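Chemist: Here is the input, now give the coordinates:
(one chain, ligands or ions: 1)
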Amino acid sequence: MPETNKYQYCMYNNEVLELHVLEEEFYKNQQVTRNKYRGQLLCPGCRQVRLSIHENSNSNSNSIYLAAYPNSHHTENCEYLLNSATKRELKVFYDQIAPDRAEQMLERILEDRVAVLNLPQNQNPNDDDVDEDDDGNYELTNENGTRKYLPRRSLQLRKMEESDHLVMYYGECRLFIAQDKWDNFYLRLFRNDETRYYLCSLKIPIVVFNYLRDELNFILCESDFDVNNSKEKSVPARIAFISTIEEKSLFFNGKITHSKLLKVIQL
Ligand SMILES: [Zn+2]
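Modeler: Have a look, this model is predicted:
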């Protein structure tokens, strides 16, 4: 499992720096950005490990990721110490997750990162705190008792990418719903800026959509698949969802298989 999506934000001068913000800066001036941040970016979990900027080489998409310096060590309770869960572990976890817990997780990822800012440095929790952390953190414990982290990816990074395993996507965007004649719904996501770049479409079968009607009722829904129309009529929102993503004739498609795996907040 590639770990290029591990750090979606980092610490810089004791403040949260989102990867998508760093990415934007990087592609304005790569050398200046590299020099500015060299040795200055820290793991958001433990603030001990230094991170460096890397360019994705597996695509021509011009995107970056953060990786720990070689031979660096996270503190024992740092969630970034964990390996990524496997495709199968993710499937089992999200199939079984209680709707309440899923909702908490999706809501938390949509909140500002207040919790991170308030975390005392070198935190060394007692046993009670560890239990609490397990609930709040983006991690699972597999059948062998090994903790693994749940992959996340910001929708505000420059490009979408394919993923054959379940990823938690989140961020600000614009939404529109297209409905086909077989009662499938397609939640279309566009970037919430002047480009209104088409990010992806999430297929929602009617049996799932029925549970989401109230939450999604502020979004326009039409039987019109014209992308420009969708773009024009889309409304701003924050969204978090869990899906795989496949690329088909230049478009990215996901699927919401259960209502617990989607959370939308009107902006
Ligand atoms: Zn760490």
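Chemist: and Thr33, helix, strand or coil?
Modeler: The local conformation at Thr33, judged by DSSP: H, G, I helix; E, B strand; the rest coil, is helix.
Chemist: same thing with the one 3 residues further on?
Modeler: Following three-state DSSP, Lys36 is assigned to helix.
Chemist: Now do the buried residues in the lengthiest strand in the chain.
Modeler: In the chain, taking DSSP state E as the definition, the longest strand is strand 163-179. Residues of strand 163-179 classed as buried by neighbour count (16 or more other Cβ atoms under 10 Å): 163, 165-179. Glycine gets a C-beta too; all of them are placed from N, C-alpha and C.
Chemist: Alpha carbons only: can I get the helix or strand that comes right after that strand in CSV?
Modeler: Using DSSP states H and E, the next helix or strand after strand 163-179 towards the C-terminus is strand 184-190. The C-alpha coordinates for strand 184-190 follow below in CSV (Å, rounded to 0.1, in the frame of the first residue of the first chain):
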residue,chain,number,x,y,z
ASN,A,184,-29.5,6.1,-9.2
PHE,A,185,-28.1,9.4,-7.9
TYR,A,186,-24.8,10.9,-8.8
LEU,A,187,-23.3,13.4,-6.4
ARG,A,188,-21.0,15.5,-8.4
LEU,A,189,-18.1,17.3,-6.8
PHE,A,190,-16.5,20.5,-8.1
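Chemist: Parallel or antiparallel, list what pairs with strand 184-190.
Modeler: Looking at strand 184-190 with DSSP bridges, its partner strands are strand 163-179 (antiparallel), strand 198-205 (antiparallel).
Chemist: what is the mean pLDDT for the shortest one?
Modeler: Throughout strand 198-205, pLDDT has a mean value of 97.
Chemist: Name all residues that make contact with the most far-flung residue of the chain relative to its centre.
Modeler: Distance from the C-alpha centroid of the chain peaks at Lys181, with 31.1 Å (Cα atoms, centre = their mean). Going by Cβ atoms under 8 Å, 6 or more residues apart in numbering, Lys181 touches Ser223.
Chemist: Can you report phi and psi for it?
Modeler: Phi and psi for Lys181, reported as degrees, to the nearest 10, are phi -80, psi -10.
Chemist: now it: how far from Phe225?
Modeler: Distance, Lys181 to Phe225, using Cβ to Cβ, to the nearest Å: 11 Å.
Chemist: Glu161 too?
Modeler: 24 Å.
Chemist: More neighbours: those two, which one.
Modeler: Shown here are Glu161 and Phe225; by other Cβ atoms under 10 Å, Glu161 has more neighbours (18 against 13).
Chemist: close enough to count as contact, the more buried one and Thr244?
Modeler: No - counting by Cβ atoms under 8 Å, Glu161 stays clear of Thr244, with 11.5 Å between them.
Chemist: Okay, helices next: where are they in the chain?
Modeler: Secondary structure of the chain (DSSP state H): helices at 19-26, 30-37, 87-96, 99-110, 114-118, 127-136, 206-216, 227-233.
Chemist: Pick the most deeply packed of those.
Modeler: Neighbour counts (mean count of other Cβ atoms under 10 Å) averaged over each of these peak at helix 19-26, with a mean of 19.
Chemist: what is the mean pLDDT for that helix?
Modeler: For helix 19-26, the mean per-residue pLDDT is 95.
Chemist: does Phe209 really touch Phe185, like I thought?
Modeler: Yes - taking Cβ under 8 Å as the definition, Phe209 is a contact partner of Phe185 at 4.7 Å.
Chemist: okay, now the nearest residue to Gly254 once chain neighbours are set aside: neighbour count?
Modeler: Spatial nearest neighbour of Gly254, chain neighbours left out: Ser243 (3.5 Å); criterion: Cβ to Cβ, 6 or more residues apart in numbering. Close neighbours of Ser243, defined as other Cβ under 10 Å, add up to 21.
Chemist: The one 5 residues further on too?
Modeler: The tally of other residues near Lys248 (other Cβ under 10 Å) stands at 9.
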